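Asker: Starting from these lines, generate the structure:
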Amino acid sequence: MSVPTVPRIHHRTVEVSGRRVFYREAGPADAPTLLLLHGFPSGSHQFTRLIDALGGRFHLVAPDYPGFGHSESPSPAEFDYRFDTLADVLEGFCLALGLDRFAMYVFDFGAPVGFRLATRHPEWITGLVVQNGNAYLEGLSDLARGMIANRPGVEGADQAVRSILTAEVTRGQYEGGAADPTAVAPDGWTMDQHFLDLPGRKEIQVELALDYHSNLARYPEWQAWLRAEQPPTLIVWGRNDAFFPEPGARAYLRDVPGAELHLFDTGHFALEERLPEIAPLIADFLGRTQK
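Answerer: Sure, this is the predicted structure:
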């Protein structure tokens, strides 16, 4: 009986604007490229199983943003943690690696980071895989709106953000909404909490959380980009997401009517429970749309 070949994942770093950025890479360099953009409070490790599933056929690249995972994490006094500056680093990362034609997988924080990159360099983007990555007001739950209300100058905002940086809440983001929580391995949220608990990391997350409101002001710009460019788009969405509910997935069809939409009975981290169904959809999508 033949055994499926598991791709070799390379773990590398590259210097971007004097800062060390860690990334995972797998697959043939001349194959269609998929740039994997992680969410909060995670890192590139959240894509390891997806890379195993797709890396034999496609070129997959998954960076850690500054302040996340294994990338260099200067203090907020040394680095301005905003979504604009995360996009600056991602842009520099792509330039350093020579990535100028790729599809983007945008999830959670990966959506505001990735869409900033797309509007700066529309010629780079050959397609989108959207997994619980929001770009519409109707995609914000009351819980999400409450957290977004925390911004600089709001009394108690700092403490409100710190209250969600706990192991209990991190685990809840993974298991919440899952049809079968026992199918969600503990490794993801355990790894996320490990990084959150490193010295200085919570301060970084507070800075980014207080800047999240800046993304809402950019939604019209990103929607205009979608309407103008009509990128091939695959939407795979956990419909039980406590932060980004189902209307946020359906809203993409307003601007990209040809997008493919698949809803799953799971939560925010949809890959954790539904990777066996989602990975073939991504492979088929990339195989049909990426040359």
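Asker: Now do the helix or strand where Arg254 lies: distance to the chain's middle.
Answerer: Assigned by DSSP states H and E, Arg254 belongs to helix 246-255. Averaged C-alpha coordinates place helix 246-255 at 17 Å from its chain's average position (C-alpha atoms, centre = their mean, to the nearest Å).
Asker: now stretch 155-173
Answerer: With C-alpha atoms, centre = their mean as the basis, the distance from the averaged C-alpha position of stretch 155-173 to the chain average is 19 Å.
Asker: start to end distance for it?
Answerer: With C-alpha to C-alpha, to the nearest Å as the measure, the ends of stretch 155-173 fall 26 Å from one another.
Asker: residues in contact with that stretch?
Answerer: 41, 147, 150-151, 186, 189, 192-193, 196, 202, 205-206, 209-210, 242, 267-269 (C-beta atoms under 8 Å, 6 or more residues apart in numbering). The way it works is simple: take the backbone N, C-alpha and C, and place the C-beta from them, glycine included.
Asker: With stretch 264-277 instead?
Answerer: Judged by C-beta under 8 Å, 6+ apart, the contacts made with stretch 264-277 from elsewhere in the structure are 42, 46-47, 49-50, 53, 108, 131-132, 173-180, 183-185, 188, 236-244, 278.
Asker: Go through it and flag the buried ones.
Answerer: Judged by neighbour count using 16 or more other C-beta atoms under 10 Å, the buried positions of stretch 264-277 are 264, 266-275.
Asker: bridging residues for Tyr105?
Answerer: When bridges are called by DSSP bridges, Tyr105 pairs up with Leu36, Val129.
Asker: what sits against it?
Answerer: For Tyr105, the contacting residues are 34-37, 47, 129, 131, 282, taking C-beta under 8 Å, 6+ apart as the criterion.
Asker: follow-up on the earlier one: mind giving me the ChimeraX select for the contacts of stretch 264-277, buried ones only?
Answerer: One line in ChimeraX is enough to select the buried ones among the contacts of stretch 264-277; burial here means 16+ other C-beta under 10 Å:
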select :42,46,47,49,50,53,108,131,132,173,174,175,176,177,178,184,188,236,237,238,239,240,241,242,243,244,278
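Asker: picking that back up, what subset of the contacts of stretch 155-173 is buried?
Answerer: Burial of these was assessed by neighbour count (16+ other C-beta under 10 Å); the buried members are 41, 147, 150, 189, 192-193, 196, 202, 205-206, 209-210, 242, 267-269.
Asker: Tell me which of those fall in helices.
Answerer: Judged by DSSP state H, the buried ones among the contacts of stretch 155-173 include 147, 189, 192-193, 196, 202, 205-206, 209-210 as members of helices.
Asker: how about those in TSV, adding pLDDT and distance to Glu138?
Answerer: Converted to TSV, those look like this (pLDDT from 0 to 100; distance: C-beta to C-beta, whole Å):
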residue	pLDDT	distance to Glu138
Met147	96	17
Trp189	98	28
Asp192	98	28
Gln193	98	31
Leu196	98	30
Lys202	98	31
Gln205	98	26
Val206	98	27
Ala209	98	21
Leu210	98	23
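Asker: could the residues you listed be laid out in JSON lines, adding distance to Gln290?
Answerer: JSON lines is the format used below for these (distance: C-beta to C-beta, whole Å):
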{"residue": "Met147", "distance to Gln290": "35"}
{"residue": "Trp189", "distance to Gln290": "32"}
{"residue": "Asp192", "distance to Gln290": "30"}
{"residue": "Gln193", "distance to Gln290": "35"}
{"residue": "Leu196", "distance to Gln290": "34"}
{"residue": "Lys202", "distance to Gln290": "38"}
{"residue": "Gln205", "distance to Gln290": "34"}
{"residue": "Val206", "distance to Gln290": "38"}
{"residue": "Ala209", "distance to Gln290": "34"}
{"residue": "Leu210", "distance to Gln290": "37"}
